[in-house]
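Q: Here is a sequence with its predicted model. Questions after.
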Amino acid sequence: MPTMRGDAMRGLAVFISDIRNCKSREAELRRINKELTNIRQRFRADKTLDGYQKKKYVCKLLFIFLLGHDIDFGYMEAVNLLSSNKYTEKQIGYLFISVIMNSSTEMKQLIIQNIRNDLQSRNPIFINLALQCVANIGDREMAVAFTNDIPRLLISGDTIDAVKQSAALCLLRLHRTSPDSLQLNTEWTARIIHLLNDQHLGVATAAVSLIDALVKRNPDEYKGCVNLAVSRLSRIVTSSYTDFQDYTYYFVPAPWLCVKLLRLLQNYPPPDDPSIRSRLNECLDTILNKAQEPLKSKKVQHSNARNAVLFEAINLIIHMDCESSLLVRACNQLGQFLQNRETNLRYLALESMCLLAASEFSHEAVKKHQDTVINALKSERDVSVRQRAVDLLYAMCDRSNAQDLVQEMLTYLETADYTIREEMVLKIAILSEKYAVDYKWYLDVMLKLIRIAGDFVSEEVWYRVIQVVVNRTDVQSYAAKIAFEALQAPACHENMVKVAGYILGEYGNLIALDPRSTPIIQFDLLHSKYHLCSPTTRCLILSTYMKFVNLFPEIKHHIQDILRHDSNHRSSDVEIQQRATEYLKLSEVCNPTVLATILEIMPPYPEKQSPLLVRLKQKKPLTEPEGVTESQSPPPPTTGHNGDGPKLTETALHLNQQHQQQQNGLLLSLDTPESNGYYEESTSKPSSSTLQSAKKFLFKNSDILFENDLIQIGIKGETIKSTIHIELYYGNKTTLQLTNFSTNIFALGELESELRINMEPVKSTIDPRAQSKQTGTIDCLADFRDLPMMNISFLYNNMLQKIDCPFPIYINKFIEKAEMDSNNFFLRWRNLEKPSQECQKIFPAKFPMIHEDCRQKLDDFGWSCLMGIDVNAENFCGAGIIHTTSQAIGCLYRLEPNKQANMYRLTIRASKDGVANRLVELLDDQF
């Protein structure tokens, strides 16, 4: 084939055509192997290949690689192309390197040198090619190699705008992939921030993206960007679209820059300087004013760009939450979107108004749109929009509109989508209790709720109804009356039977004088539902029958006949059989006085956090208006004994403790930090159990660090000398996306000078049922005692969630096993004889004294286990070296178990004062 000159590369076009014309996989492989053989021969035999031929053959190799075949030669020829002065040849060289070469390539240093040469050249095209290559590879070595070169390009006054723009984006890429390796000089901070004022809007846009990423890592260092961001934003929003011809998108001046500036400002509180705050408020006011102007174009691109700026401005207004006029105006603007034809706009408007409803300044303004939201709930075809409407009704509810909103939600519940019914039930239950002026109304609502959506009424809901009735004597008679009436319905849900059975068993005597609800009528009505219920509900009804024996002695024989019936006395369900047998015996042997004592009325439950809030939090964190406190939910009278023998009082009067534990620990965990109330901002703080669980990492390098209903956090570590490489995995356990996800691992006090923590930023969003990974390193600068802290925050369904917990990095993670013989061991032992170098402690065994288990723990802790050192084979001896960046600390230990006394004696000696005490503290409760 004759050699073709120019950039067309006819040989490459012919090769691609041949590949496309292959009829089978085998024919394609033959053609590729033939071409690879030819290229290899040309590279080996012909040392005079010019740049055009190298470029052509490298392109063929790149095409073959993209087809899925391995390429094991041609790298040097591609690197040689980087030295060419021709753009097309250099471009192909960079393309080949970006696609094929990885961090393990042996020629990485040669590549880095060629890139550096191009970065230092005066040709802006070559500089941009080099920057694009660095960004495409974006690994740790690139970040380390160019941590000074690229920032210099960015802040240099001689650099042209196109190069500055590429340099900013390249730095952003390196910051995202290797933040710990990219160490920007603090002297450059002010000059990087000053890029916000650059005359070229492309440079300013790229700089905002870079600064926003840097701010999330070190907000204090870049806080000077607020003034410049406000100034730049002001110049854009107050200008006409004709002033930015090159950066006007469908009559909207620089929309992307505006959005990024508004997002940048959301990283900081409102400016303290009155003039800056006033100027920012003017900007936001201008954006809201422009949203009221007629559209300048009917094209969707125009409205999308304008609305993007508007919604980001509203987000900033909500974030500031200090200007009542802006909040009200934002609410009114969003109200106009509620009837927009665009589904996305309606959804976003409802979502933002949920946040506005939580502000004291805009709550009343949100309530003005109540009718529109209710209409959206009834007529909206998109289920996601309907769900947001429910959320907004819940958020805007207060005492003035509670009854109307609860009634509307009850009406909608009958036709609501099954996916949101359980959540709606919880919200209706919470609102009806919180804003109940008359608890008779509350009971009416709750029984109607159970009738409409019985299958979606969780046990927490009907527990709460019983709890309120037990604690309020003024509604007990009314509760018995409406419960009896509810049982008369032909189709009565099982949850209704549970509520009615419990209430009639306690307060049926209050309505017994009514000829329509005499004791025998109550009994017959309840028993007519008995055979239609599940075994757990039958257990509750049997307890109610026993209560009737005490309340209504005249029907005692009827009840005893039921208890003697084979369906109960010989039931296949052991719990029903046991209850029937015990209750029957109790009714026969006890006199009325004893029965009255055993079966006395339930006392009020202690005041606790409402369990419905806990349940709603498990479903979806939402703003809870003013805490709801009431008595604790009663235990369900549905299961058997939780012991060896019969406990008649517990069986008759209380819900079994075993069943409580089956209900997600709802009632048992109300006093724990994890469930001590859920509000708009939810924070999980470290408890004693959290700190204790962190100690498992003394012997592990990977495990679950934290887990709740929303997120699971896993950790994996690998130590090399004084550095531990950390991998953190954040798993989203929900069906919604976690947004604004951020983490911060930091040291406090003396620990700041003892540990150096470098963690790369984590992705800001985690998709449903997905996982995000974060890596980093921790360097041990000196021996330490305390643990770093870990702060995690994210938005789940637009509600802020915070997790604070200790980060389990102990001093033993930097121990390297040391091997030595007996002579060396005791020689070193005797050399460490100062009192400050030794710590000894005798402590009782907490676990079975198994020799192999102790050896394994010591090995996992980081020590070596030296055999034949001690004359007593039951004793353990070993050594290790604690590596810090400044010194190596030698450590020796001796663990002596005394199985007769069930005690241990642990002795540790270290070459640095105080280290032995810390190691003993870590180990004395682990054996």
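A: All right, it came through fine.
Q: how about the helices of the stretch 151-300 of the chain, start to end?
A: Assigned by DSSP state H, counting those that start in this stretch, the helices in the stretch 151-300 of the chain fall at 161-177, 189-194, 201-217, 225-237, 255-265, 274-292, 300-320.
Q: out of the ones you listed, which comes closest to N791?
A: N791 lies closest to helix 201-217 among the helices of the stretch 151-300 of the chain, at 12.9 Å (C-beta to C-beta). Backbone N, C-alpha and C define where each C-beta goes, glycine included.
Q: how about the closest one: buried residues?
A: Neighbour-count burial for helix 201-217, counted by 16 or more other C-beta atoms under 10 Å, picks out 201-216.
Q: next one: stretch 810-827
A: Within stretch 810-827, judged by 16+ other C-beta under 10 Å, the buried ones are Y810, I811, N812, K813, F814, I815, E816, A818, M820, F825.
Q: how much space between the third one and V259?
A: For N812, the distance to V259 (C-beta to C-beta, to the nearest Å) stands at 48 Å.
Q: and if you look at the first one?
A: If you measure Y810 against V259 using C-beta to C-beta, the figure is 44 Å.
Q: And the fourth one, by the same measure?
A: Distance from K813 to V259, counting by C-beta to C-beta: 43 Å.
Q: Then the fifth one?
A: Distance from F814 to V259, counting by C-beta to C-beta: 45 Å.
Q: picking that back up, of the helices of the stretch 151-300 of the chain, which approaches L584 most closely?
A: helix 300-320 (63.9 Å).
Q: Please point out which parts of the helix or strand following the closest one sit buried.
A: Once helix 300-320 ends, the next helix or strand along the chain (criterion: DSSP states H and E) is helix 324-337. Buried residues in helix 324-337, defined by neighbour count with 16+ other C-beta under 10 Å: L326, L327, V328, R329, A330, C331, N332, Q333, L334, G335, F337.
Q: How about stretch 380-393?
A: Buried residues in stretch 380-393, counting neighbours by 16+ other C-beta under 10 Å, are found at E380, V385, R386, Q387, R388, A389, V390, D391, L392, L393.
Q: Might you report the residue contacts of the third one?
A: Shown in contact with R386 (C-beta atoms under 8 Å, 6 or more residues apart in numbering): A376, L377, E380, A416, D417, I420.
Q: got it, and the second one?
A: By C-beta under 8 Å, 6+ apart, the residues touching V385 are T343, R346, Y347, L350, A376.
Q: Now do the contacts for the closest residue to G731 other than its chain neighbours.
A: Leaving aside its chain neighbours, G731 sits nearest to Q712 (4.1 Å; criterion: C-beta to C-beta, 6 or more residues apart in numbering). With contacts taken as C-beta under 8 Å, 6+ apart, Q712 has the following neighbours: I704, F706, Y730, G731, K733.
Q: rewinding a little: can you lay out the buried residues of helix 324-337 as CSV showing distance to E460?
A: Shown next, in CSV, are these (distance: C-beta to C-beta, whole Å):
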residue, distance to E460
L326, 40
L327, 35
V328, 37
R329, 40
A330, 36
C331, 33
N332, 38
Q333, 39
L334, 33
G335, 35
F337, 36
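Q: Return the member of those residues nearest to K299.
A: F337 (18.7 Å).
Q: quick one: the closest one from M353, how far?
A: Plainly put, F337 is 9 Å away from M353 if you go by C-beta to C-beta.
Q: what helix or strand does the closest residue to E819 other than its chain neighbours sit in?
A: Spatially, and ignoring its direct neighbours in sequence, E819 is nearest to S864 (5.7 Å; C-beta to C-beta, 6+ apart). Counting by DSSP H and E, no helix or strand carries S864.
Q: Spit out the contact partners of S864.
A: S864 makes contacts with K817, A818, E819, G878, A879, G880, as judged by C-beta under 8 Å, 6+ apart.
Q: sorry, back to before: switch the helices of the stretch 151-300 of the chain over to a markdown table; also include distance to M9 and mean pLDDT.
A: As requested, the helices of the stretch 151-300 of the chain are exported to a markdown table (distance: least, C-beta to C-beta, whole Å; pLDDT from 0 to 100):
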| stretch | distance to M9 | mean pLDDT |
| --- | --- | --- |
| helix 161-177 | 27 | 91 |
| helix 189-194 | 41 | 89 |
| helix 201-217 | 32 | 91 |
| helix 225-237 | 45 | 91 |
| helix 255-265 | 37 | 93 |
| helix 274-292 | 51 | 91 |
| helix 300-320 | 38 | 91 |
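Q: Dump these to CSV, plus distance to L795.
A: Written out in CSV, the entries for those read as follows (distance: least, C-beta to C-beta, whole Å):
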stretch, distance to L795
helix 161-177, 20
helix 189-194, 27
helix 201-217, 14
helix 225-237, 22
helix 255-265, 14
helix 274-292, 21
helix 300-320, 11
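Q: closest to D573 out of these?
A: Across those, the minimum distance to D573, taken as C-beta to C-beta, is reached by helix 300-320, at 54.9 Å.
Q: How is the chain partitioned into domains?
A: For the chain, the structural domains run 9-100, 473-602, 688-809, 812-924, going by the TED database.
Q: quick revisit: turn the contacts of S864 into TSV, including distance to K556, secondary structure and pLDDT.
A: Formatted as TSV, the entries for the contacts of S864 read as follows, by distance: C-beta to C-beta, whole Å; DSSP: H, G, I helix; E, B strand; the rest coil; pLDDT from 0 to 100:
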residue	distance to K556	secondary structure	pLDDT
K817	77	strand	88
A818	81	coil	87
E819	82	coil	87
G878	74	strand	90
A879	79	strand	91
G880	76	strand	91
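Q: Closest one to L748 out of these, please.
A: Comparing every one of the contacts of S864 with L748 (C-beta to C-beta), the shortest separation belongs to G880, at 27.1 Å.
Q: Dig out what that closest one forms beta bridges with.
A: G880 has these beta-bridge partners by DSSP bridges: K817, C891.
Q: Next one: it from N80, what distance?
A: With distances defined as C-beta to C-beta, the gap from G880 to N80 amounts to 50 Å.
Q: okay, those two: which has more neighbours?
A: In this view G880 and N80 are compared by other C-beta atoms under 10 Å, and G880 has more residues nearby, 23 against 17.
Q: Touching, that one and C865? I think so.
A: No. At 10.5 Å, G880 does not count as touching C865 under the criterion of C-beta atoms under 8 Å.
Q: Is it correct that R894 falls within a helix?
A: No. Checked against DSSP: H, G, I helix; E, B strand; the rest coil, R894 lies outside a helix; its state is strand.
Q: For the residue lying closest to it once chain neighbours are set aside, pull up the helix or strand it's in.
A: Leaving aside its chain neighbours, R894 sits nearest to T907 (4.7 Å; criterion: C-beta to C-beta, 6+ apart). T907 belongs to strand 903-910 when assigned by DSSP H and E.
Q: tell me what that strand is packed against?
A: Applying 3 or more C-beta pairs under 8 Å, 6 or more residues apart in numbering; DSSP states H and E, we find strand 903-910 packed against strand 838-844, strand 888-898, helix 915-923.
Q: okay, now R31: neighbour count?
A: The burial metric for R31, expressed as a neighbour count using other C-beta under 10 Å, is 15.
Q: Provide the backbone phi and psi angles at the closest residue to L599 other than its chain neighbours.
A: Of all residues beyond its chain neighbours, the one nearest L599 is N550 (4.1 Å), with distances taken as C-beta to C-beta, 6+ apart. Backbone geometry at N550, expressed as degrees, to the nearest 10, gives phi -80, psi -40.
Q: Lovely, talk soon.
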